[in-house]
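Asker: With the sequence up front, the predicted model follows.
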Amino acid sequence: MEGYHKGDLNFELKFFGKCHSDSDILIYVPELKILFTGDLLFKYGRASINDQQMEDKDQWHKAVHWIETRIPEIKTIISGHGQILTSDDLKSFCKTILSK
């Protein structure tokens, strides 16, 4: 995990390997309780991946565990296209990844 600090905010950047694209990164800002998912997650928990894209399956399972430990703290989830997602969407995403 990479971490960056700007003013009073910390940014946790997680790269778990190629899934939707070569630059799949989750960004979590704990002070604001926001998770940016990029194009990895869409409304209603749809994960933007398929079996052929799961090149780094073990890394993605680690990603799910990283996400799951933060779900109680996350209040806002923003996808790559600006949709505001719910914690249920995030839980559904994690379930989809673990089923792969």
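Answerer: Everything's here; your move.
Asker: Spit out the contact partners of Ile34.
Answerer: Listed by CB atoms under 8 Å, 6 or more residues apart in numbering, the contact set of Ile34 reads 28, 74-78. To be clear about C-beta, it is placed using only N, CA and C from the backbone, and glycine gets the same treatment.
Asker: need the next SSE after the helix or strand Thr69 falls within, C-terminal direction.
Answerer: According to DSSP states H and E, Thr69 maps onto helix 57-70. Scanning forward in sequence from helix 57-70 by DSSP H and E, the next helix or strand is strand 76-79.
Asker: so where is the chain shaky, pLDDT-wise?
Answerer: Filtered on pLDDT under 70, the chain yields the residue ranges 1, 17-23, 45-56.
Asker: Mark which of the contacts of Ile34 are buried, thanks.
Answerer: Buried members of the contacts of Ile34, scored by 16 or more other CB atoms under 10 Å, are 28, 74, 77-78.
Asker: Need those residues in JSON lines (columns: distance to Cys94).
Answerer: Below are the buried ones among the contacts of Ile34 laid out as JSON lines (distance: CB to CB, whole Å):
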{"residue": "Tyr28", "distance to Cys94": "14"}
{"residue": "Ile74", "distance to Cys94": "12"}
{"residue": "Ile77", "distance to Cys94": "12"}
{"residue": "Ile78", "distance to Cys94": "17"}
